[in-house]
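A.B. asks: Sequence and predicted structure below; questions after.
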Amino acid sequence: MAGRYEYKVEELREGMLGGKMSGDKLEKVLNEHAREGWQLKAITSVEVKGRIGPGGVEGVLVTFERPTT
C-alpha cells in the first residue's frame, strides 16, 4: 500500500504592507515546522492579499508534507 501524507500550506510575507522576504524569517519557519515532522515540499511566489487597503503584496506559499500516522 502506498504511503499516506498530509499537507500544510503557509502564506508568508515580510510585514503587514509587504516588503522583501528575509532569509532569516523563512529559515525560522522552516525549522519550526521541521521540529514538528514537516518536510518542505515547495515554495511558490505569489501575490498575497495585504492586511491594509486593496491589492496584494509579494509573498510566498510554503507547502509542507509529512507522513500520516
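C.D. replies: In hand now; what should we look at?
A.B. asks: Tell me the bridge partners for Y5.
C.D. replies: Assessed by DSSP bridges, Y5 has beta-bridge partners P67.
A.B. asks: And for E58?
C.D. replies: The partner residues for E58, given DSSP bridges, come to E47.
A.B. asks: Isn't it up against T44?
C.D. replies: No: with contact defined as C-beta atoms under 8 Å, E58 does not reach T44; the gap is 11.8 Å. Backbone N, C-alpha and C define where each C-beta goes, glycine included.
A.B. asks: of these two, who's got more company?
C.D. replies: E58 (14 against 10; other C-beta atoms under 10 Å).
A.B. asks: Please give the number of neighbouring residues around R13.
C.D. replies: 22.
A.B. asks: cool, and E32?
C.D. replies: E32, neighbours per other C-beta under 10 Å, totals 11.
A.B. asks: Same question for K8.
C.D. replies: 13.
A.B. asks: Same check on E47?
C.D. replies: 12.
A.B. asks: so it touches E58, yeah?
C.D. replies: Yes: taking contacts as C-beta under 8 Å, E47 lies within contact range of E58: 6.5 Å.
A.B. asks: any low-confidence regions in the protein?
C.D. replies: Counting by pLDDT under 70, the chain shows low-confidence ranges at 1-2, 14-21, 48-57.
A.B. asks: dump the residue contacts of the residue most central in space within it.
C.D. replies: Nearest to the geometric centre of the chain sits V62, at 2.8 Å (C-alpha atoms, centre = their mean). Taking C-beta atoms under 8 Å, 6 or more residues apart in numbering, we find V62 in contact with 9-10, 12, 26, 29-30, 40, 42-43.
A.B. asks: As a check, name the ranges of all helices in this protein.
C.D. replies: 23-35 (DSSP state H).
A.B. asks: Torsion angles phi and psi at G37?
C.D. replies: phi 90, psi 0 (degrees, to the nearest 10).
A.B. asks: Thought E65 was touching it, still the case?
C.D. replies: No: using C-beta under 8 Å, G37 makes no contact with E65, being 9.9 Å away.
A.B. asks: Tell me which of these two has more neighbours.
C.D. replies: More neighbours surround E65 than the other of G37 and E65, with 14 against 11 (other C-beta under 10 Å).
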